[in-house]
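[1] Just to be clear, the model below is a prediction. Sequence and coordinates:
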Amino acid sequence: MGTLLLAVIPPILFLVWILRYDRTEPEPLSSVLKVFLLGGVSVFPVAFLEVSLLQLPLFSADGITGSALQSFLVIAPLEEATKLLIVILFALRSRHFTEQNDGIVYAGTASIGFALAENLFYVFEHGAVVGMARAVTSIPGHTFTGVIMGYYFGRDYFSSSAGKRFSGIAKGFLAAWFLHGVYDTFVLSGTSAALLVVPLVILNFILGVGFLKKGRALSEMQNGAIVTEATPSSPRGVGCRKLLGRTLITLSLLFWLLIVTGLLAGNIQAKYDPVDVLSGSVIITFIPLTMGIVLEVSARKAYRETRKTR
């Protein structure tokens with residue numbers, strides 16, 4: 001049960017997060033769940049295709065070269081194209097797909113459904129440590145590549161120009177393909193380049209939160225929620241800094257909670273050296289935790305200075 005919760009809870013939390021940005025004209029839960037389930041089921045045909053294609057001699061190279069070929073030519077394009085097709089074939093048929101932000105909701109949901117199903121296989125096969133690492137790396141990666149792809153798709157879908165609609169689809173797919181490909185290249189390289197996953201995850205967070213805010217702004221403008229620009233209660237960007245900072249801190253602390261729990265329960269020692277686990281955990285969480293603290297302190301300082309000037 002603990003392993004199951006470790007595999008399921010992080011993707012669900014990201015889904016809730018995305019839906020909280022869709023409060024102006026929220027999508028029906030039934031439509032969201034349909035896309036979510038389709039994203040999960042799509043793991044099976046995608047995995048079959050990936051395993052088949054990766055048997056080709058072209059993808060037999062080792063190191064960073066081999067991982068780049070596998071990531072950019074097979075894994076990333078197949079997975080991102082599948083998520084996009086789910087939105088095009090199923091979400092667009094819904095009469096509720098009525099605004100630009102819906103692209104983010106459905107592409108993000110399809111990505112999280114895919115990530116959750118994939119996570120179940122990895123966590124049950126490799127154990128809790130892999131589940132903890134994926135909770136702060138792979139799950140956010142899938143989520144935010146979906147968000148970015150959905151933003152461009154939704155933003156341009158309602159254009160009267162067929163060229164612009166195609167351009168939006170292409171931009172979103174290429175952005176998701178590139179970020180996904182870079183992430184998998186580092187992870188699969190088997191070299192020290194895998195450490196570059198940490199700053200890449202932070203970049204994904206920053207980009208993803210930015211696109212979530214842009215999508216919500218488009219929704220508010222389309223639905224007339226923004227009539228006049230009121231005087232802001234806090235400096236521009238403080239809310240984003242607070243949200244991103246607290247998210248990074250929470251995920252880092254959750255990661256350490258799971259690590260400590262695993263060590264105390266004796267589950268980790270059975271497979272891994274505790275010293276290696278702790279040192280690896282420090283490396284994984286140092287940058288995101290530091291960034292989170294810096295962002296939180298910066299946001300609080302800006303808020304206090306604003307109150308002083310009033």
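    Everything's here; your move. Residues are numbered from 1 along each chain as shown.
[2] buried ones in the one helix or strand residue 121 maps to?
    Taking DSSP states H and E as the criterion, residue 121 maps to helix 102-126. By neighbour count on 16 or more other CB atoms under 10 Å, the buried set for helix 102-126 is 102-120, 123. Quick note: C-beta positions are derived from backbone N, CA and C, even for glycine.
[3] Find the centremost residue of the chain, please.
    Residue closest to the average C-alpha location in the chain (CA atoms, centre = their mean): residue 143, at 2.4 Å.
[4] wouldn't that residue be in contact with residue 208 here?
    Yes: with contact defined as CB atoms under 8 Å, residue 143 reaches residue 208; the gap is 6.7 Å.
[5] What helices and strands are in contact with the helix or strand following the helix holding residue 121?
    Once the chain leaves helix 102-126, the next helix or strand it forms, by DSSP H and E, is helix 128-136. Helix 128-136 is packed against helix 2-20, helix 102-126, helix 238-265, helix 274-309, with contacts defined by 3 or more CB pairs under 8 Å, 6 or more residues apart in numbering; DSSP states H and E.
[6] any idea which of those is most buried?
    helix 102-126 (a mean of 25; mean count of other CB atoms under 10 Å).
[7] Would you pull up how far that one lies from the middle of the chain?
    9 Å (CA atoms, centre = their mean, to the nearest Å).
[8] can you list contacts of stretch 184-195?
    The contact list for stretch 184-195 (CB atoms under 8 Å, 6 or more residues apart in numbering) reads 62-64, 66-68, 70-72, 75-76, 137-138, 196-197, 200, 283.
[9] are any of those residues buried, and which?
    64, 66-68, 70-72, 75-76, 137-138, 196-197, 200.
[10] got TSV for these, with secondary structure too?
    Shown next, in TSV, are these (DSSP: H, G, I helix; E, B strand; the rest coil):
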residue	secondary structure
64	helix
66	helix
67	helix
68	helix
70	helix
71	helix
72	helix
75	helix
76	helix
137	coil
138	helix
196	helix
197	helix
200	helix
